[in-house]
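Novice: fold the following, please.
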Amino acid sequence: MNFAEKLYTLRTQSGYSQEALAEQLSVSRQAVSKWETGPTLPETDKLIAISELFNVSIDSLLIDSINLNTFESMDRILVKFLSSARDMDDISEELLDIMRDGVIDGTERLKVDEIIKTLDSVARIIDEIRRKMNL
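Specialist: Residues are numbered from 1 along each chain as shown. Below is the predicted model of the structure:
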């Protein structure tokens, strides 16, 4: 599922119209429509607001939308990295909570799997930055 599909699903499941979501995010209804039909992605501050509004990580919004290719600008790659990196504090806290009792139960195992996917996504972005910088 790409970002557009995820946003549409989150919005409709939460009972928001495009207009109501636009109002919450201080954007036009047309902006929300463009995000949901796929031609554009929101700016970083709006991604953060969407993440907070629907209580989902930015990675979970973008993970299937991240398509690092050779034509992508360095600015865009860095924006993706910064969006992903925002969740690193939360990941650290979650890992500490999981490790406190020394036993990883089924629910915690699922959370660890999610964390690993997030970290893999960040690693792919870092690799693309290295490649673009010829490091």
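
Novice: this structure: helices as residue ranges?
Specialist: 3-13, 18-25, 29-37, 44-54, 58-62, 74-85, 88-100, 106-132 (DSSP state H).

Novice: ranking these by burial, who's on top?
Specialist: Highest mean neighbour count of the helices of the chain: helix 58-62, a mean of 21 (counted as mean count of other C-beta atoms under 10 Å). Heads up, the C-betas are built off the backbone N, CA and C, glycines and all.

Novice: elements contacting it?
Specialist: When contacts are defined as 3 or more C-beta pairs under 8 Å, 6 or more residues apart in numbering; DSSP states H and E, helix 58-62 packs onto helix 3-13, helix 44-54, helix 74-85, helix 106-132.

Novice: which stretch in those helices has the least confidence?
Specialist: Across the helices and strands packed on helix 58-62, the stretch with the lowest average pLDDT is helix 74-85; it has a mean of 70.

Novice: quick one on the thing from earlier: nearest to Glu36, out of the helices and strands packed on helix 58-62?
Specialist: Proximity to Glu36, assessed across the helices and strands packed on helix 58-62 by C-beta to C-beta, is greatest for helix 3-13 (4.7 Å).

Novice: tell me the angle that closest one makes with helix 44-54.
Specialist: For helix 3-13 against helix 44-54, the angle by axes from the mean of the first three to the mean of the last three C-alpha atoms, to 10 degrees is 40 degrees.
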